[in-house]
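J.: predicted model and sequence below, questions to follow.
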Amino acid sequence: MSNQMTAQPAYLSTVGHSHPDNIIPNAFFDDLGIGSSALWVEERTGILERRSVLTSADLRQLAGGRMTLELLRKEGRLTSIAKMTRPAWTMMQERDPTPTLPLDTLICGTSVPDYDIPANACTIAAELGLHTASFDVNSACSSFIVNLHMARHLLNSPQHQKIMIANPERYSLRLNYADRSSCVLFGDGCAVATVQSQKPARGFAILDTVIASSPEKYQAVQIPVGECFSQNGAAVQKFAISHTVAIVENIMQKNALSKVDYFIGHQANLRMLASVADKLHLQPEQHLFNVDRYGNQGAAGAPVVLSQNWSRFKSGDIVVVAVVGSGLSWGAALLRCL
């Protein structure tokens, strides 16, 4: 008799998303005097606007050094990731009004946390009134797939039957607004999802997840303690395109698939995503994205796209989600709509 354990089936039962109300159009950057006109941003990135937990006025003061995050926090003008998660959580509950299993675990993956300690997942659990095992697993923009990979395998333990993943992101707080190559890219957003062992009435079967990293390149994308985001943009974009294509092809080959119905990539910028879709020979209607209206939402980007298209998917649809992030790290998930 084989000693190999049979993997517990895993299902992505529901998702939810939210964005701050503050819309930051490309024209915002015209006033910063950094040589990035609205047309310049659109032509190079495909991004038209993004969201922020801060108003345009607060961002201008922050960019000009006339305001600090500490003061914004003291004045109650800095939305916590726990507060940011609530509307996404509410949407997820509305989509699953009669859950079959109670939540027992909460995993948070975020690039801009509120605390070094405690785990930011604990602050979210407290905000939502959840009594769950709560911990953080961060892999920057790759966090959603890393969290999904971990949740899927945690279900092999009887302690875990339904796990919530939260990916609240607030990159707008840690940008260098004098660096036009990066500050125009990012927006804030939040995605939540639940992964469970029991087959739901609607949702996705998680067919496979794959994660990888290239740690010797950890300095290519970083936010040092107390500093702003920086990256080697040209090198990272080349890496992102080649590794996204490779991991999609890998997970499809591994699961004996010659085609998928939909592709969702890391919402870094539309030019990068268009290149990936072209190399994967996808039709325009197969490529789902939101980066043009919401910017690069870090770990929240891909799962927000999944959530925004939740009603689009029909039984049998195969969706591949592929992400890249700091680390450098990358990953993919293969989902089949129930």
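T.: Cool, the structure landed.
J.: going by C-alpha atoms from here, please, whenever you check contacts or count neighbours.
T.: Fine.
J.: and the residue lying closest to A268 once chain neighbours are set aside, how many neighbours does it have?
T.: Leaving aside its sequence neighbours, A268 sits nearest to N296 (C-alpha to C-alpha, 6 or more residues apart in numbering; 4.8 Å). Per other C-alpha atoms under 10 Å, the neighbour tally for N296 reads 29.
J.: could you measure from N296 over to I124?
T.: Per C-alpha to C-alpha, to the nearest Å, N296 is found 23 Å from I124.
J.: may I see the buried residues of the longest helix seen in the chain?
T.: Secondary structure of the chain per DSSP state H: the longest helix is helix 233-254. Applying a neighbour-count criterion of 16 or more other C-alpha atoms under 10 Å, one finds 236-237, 240-241, 243-245, 247-248, 251-252 buried in helix 233-254.
J.: which residues are contacting that helix?
T.: Contact with helix 233-254 is made by 181-182, 208-210, 220-221, 258-259, 265, 272-273, 275-276, 279-280, 320, 322-324, 330-334, as judged by C-alpha atoms under 8 Å, 6 or more residues apart in numbering.
J.: before we move on, back to that, is the residue nearest to A268 in contact with L270, as I believe?
T.: No: judged on C-alpha atoms under 8 Å, N296 makes no contact with L270 at a distance of 9.4 Å.
J.: so who does A166 touch?
T.: By C-alpha under 8 Å, 6+ apart, the neighbours of A166 are 85, 106-109, 121, 190-193.
J.: scan those and report the most crowded one.
T.: Busiest of the contacts of A166 [other C-alpha under 10 Å] is A191, holding 31 neighbours.
J.: quick one: it from K83, how far?
T.: In terms of C-alpha to C-alpha, A191 sits 13 Å off from K83.
J.: pLDDT below threshold where in the stretch 1-150 of the chain?
T.: Along the stretch 1-150 of the chain, the parts satisfying pLDDT under 70 run over 1-6.
J.: helices of that one, residue ranges please.
T.: According to DSSP state H, counting those that start in this stretch, the stretch 1-150 of the chain carries its helices in the segments 38-45, 56-63, 69-74, 81-95, 120-128, 143-154.
J.: please apply the same query to the stretch 201-338 of the chain.
T.: Under DSSP H, counting those that start in this stretch, the stretch 201-338 of the chain gives helices at 233-254, 270-279, 291-294, 301-308.
J.: who are the packing partners of the last one?
T.: If you count contacts as 3 or more C-alpha pairs under 8 Å, 6 or more residues apart in numbering; DSSP states H and E, helix 301-308 packs onto strand 11-18, strand 189-196, strand 262-265, strand 318-325.
J.: how about the nearest residue to L288, chain neighbours excluded?
T.: Nearest one to L288, counting by C-alpha to C-alpha, 6+ apart, is I264 at 5.4 Å.
J.: what about the one you found, distance to A166?
T.: For I264, the distance to A166 - C-alpha to C-alpha - is 18 Å.
J.: before we move on, what about S157?
T.: Applying C-alpha to C-alpha to S157 and A166 gives a distance of 21 Å.
J.: can you check A121 too?
T.: 8 Å.
J.: overlap in contacts of those two?
T.: Going by C-alpha under 8 Å, 6+ apart, residues that sit against A121 and also against A166 are 106-108.
J.: now, among those residues, which is nearest to H153?
T.: Comparing the shared contacts of A121 and A166 against H153 with C-alpha to C-alpha places I107 closest, at 13.1 Å.
J.: and that closest one, what is it in contact with?
T.: 121, 134-137, 147, 163-166.
J.: how about A82, nearest residue that isn't a chain neighbour?
T.: I124 (4.4 Å).
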